[in-house]
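Provided below for reference: sequence and predicted model.
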Amino acid sequence: MDAAVNTSYNMELVVLSYLISAVGAFMALVSAKRLLSGKSASQSYRLGLLSTGIALGGIGVWSMHFIAMLALRMDLGVGYSIWETGISLIAAVLISALAFHIVASNPHNMGRLLTAGSMLGMGAVVMHYLGMYGMRFGGHFQWDYGRVALSVLIALAAATAALWLAFHTVQVSARLLAAAIMAIAVCAMHYTGMSAAEFICTTNTPLAIPGGSSIVSALGLPLVVVALAFGMSLFLILDLLRASFQRYQRPA
């Protein structure tokens, strides 16, 4: 007999998911400013664009999503497909980078801002629901489509605001505040989307974790997320150091 699964959250991990999102958003704001002074065909610009995509899409959205999934508590064995998990990361980074590229050439053009904001918002939506689609458990989702629609609207509004803030904040204090606001919006989208999903168990062994060569268990997921988040953070730090070194090396 199908049965709805009771869920709750580990609040320490919920807070951590917010902090990770805020860090990613702040690093994206820092990286985005470099795009204004660079030529789109230059290597420096391309690296800055990649850094911005990794910061917002890879850390601010993707890492936040899976830390938030680890915060979910329920009596149900869960695994994650490597394919959907990996594709969701690549999609989040590439779509974020493309959206920033569209706005960087003319940050004051409202048409570009709205187009890129819609693209970035839908990218966050695709990442979130693709990540959920990659979950493997003994049952299925039952969706509240009204809340799904609300999560999409939050993502669109948050993405557009994020792009505007990225090119209109100068002081560090303003960027910190903007990153905090962006993280609230990203988390609001995620947890609204999660509230739209009800887990329906259809097996007599609900705690059994699905197996397979392409499945990562919920116990192994933290290692995957930490390793990828560390790798992305290391790339961002090295790129920022490279950019700072080049700036100081320029002749006066």
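Now that the structure is in, tell me what you want to look at. For clarity, every value in this text was computed on a predicted model and none was experimentally measured.

where's Ala155 relative to Ile184, distance?
For Ala155, the distance to Ile184 equals 13 Å [C-beta to C-beta, to the nearest Å]. For glycine as for every other residue, the C-beta is placed from the backbone atoms N, C-alpha and C.

Flag every buried residue along the helix or strand harbouring Ser233.
Assessed by DSSP states H and E, Ser233 sits inside helix 221-249. Using 16 or more other C-beta atoms under 10 Å as the test for burial, helix 221-249 gives 221, 225, 228-229, 232-233, 235-236, 239-240, 243.

which stretches of the stretch 1-150 of the chain have low pLDDT?
Low-confidence segments of the stretch 1-150 of the chain (pLDDT under 70): 1, 37-41.

Give me the more crowded residue out of Ala155 and Ile184.
Taking other C-beta atoms under 10 Å, Ala155 and Ile184 do not tie; Ala155 has more neighbours (29 against 15).

Following the chain past the helix or strand hosting that one, name the next helix or strand.
Assigned by DSSP H and E, Ala155 belongs to helix 145-168. Of the helices and strands lying after helix 145-168 in sequence (DSSP H and E), the nearest is helix 172-195.

mean confidence score for that following helix?
Mean pLDDT, helix 172-195: 92.

and it, what does it pack onto?
Packing contacts for helix 172-195, counted by 3 or more C-beta pairs under 8 Å, 6 or more residues apart in numbering; DSSP states H and E, involve helix 11-33, helix 64-71, helix 110-133, helix 145-168.

Would you mark the buried spots in it?
For helix 172-195, the buried set under the neighbour-count rule, 16+ other C-beta under 10 Å, comprises 175, 178-179, 181-183, 185-194.

neighbouring contacts of it?
By C-beta atoms under 8 Å, 6 or more residues apart in numbering, the residues outside helix 172-195 that reach it are 17-19, 21-26, 29-30, 60-61, 64-65, 68, 72, 124-125, 128-129, 132, 144, 147-148, 150-151, 154-155, 157-158, 161-162, 165, 169.

export stretch 143-158 as CSV, just CAs?
Listed next in CSV are the C-alpha coordinates belonging to stretch 143-158 (Å, rounded to 0.1, in the frame of the first residue of the first chain):
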residue,chain,number,x,y,z
TRP,A,143,3.7,17.0,-6.7
ASP,A,144,1.9,20.1,-5.6
TYR,A,145,2.1,22.0,-8.9
GLY,A,146,1.0,25.3,-7.3
ARG,A,147,4.1,25.3,-5.2
VAL,A,148,6.2,24.1,-8.1
ALA,A,149,5.0,27.2,-10.0
LEU,A,150,5.8,29.4,-7.0
SER,A,151,9.3,28.1,-6.8
VAL,A,152,9.8,28.9,-10.5
LEU,A,153,8.6,32.5,-9.9
ILE,A,154,10.9,32.9,-7.0
ALA,A,155,13.8,31.6,-9.1
LEU,A,156,13.1,34.0,-11.9
ALA,A,157,12.8,37.0,-9.6
ALA,A,158,15.9,36.0,-7.6
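
what separates that stretch from the chain centre, distance-wise?
The chain centre lies 16 Å from the centre of stretch 143-158; the measure is C-alpha atoms, centre = their mean, to the nearest Å.

Please renumber the chain so that the first residue is 9 from this point on.
Okay, residue one is now 9; in that scheme the one you just asked about reads as stretch 151-166.

Residues contacting that stretch, please?
125-126, 129-130, 132-133, 136, 190, 193-194, 196-198, 200-201, 203-206.

and the residue nearest to Arg42 when sequence neighbours are not counted, how many residues sit next to it?
Excluding its sequence neighbours, the residue lying closest to Arg42 (C-beta to C-beta, 6 or more residues apart in numbering) is Gly56, at 4.2 Å. Counted with other C-beta under 10 Å, residues neighbouring Gly56 total 26.
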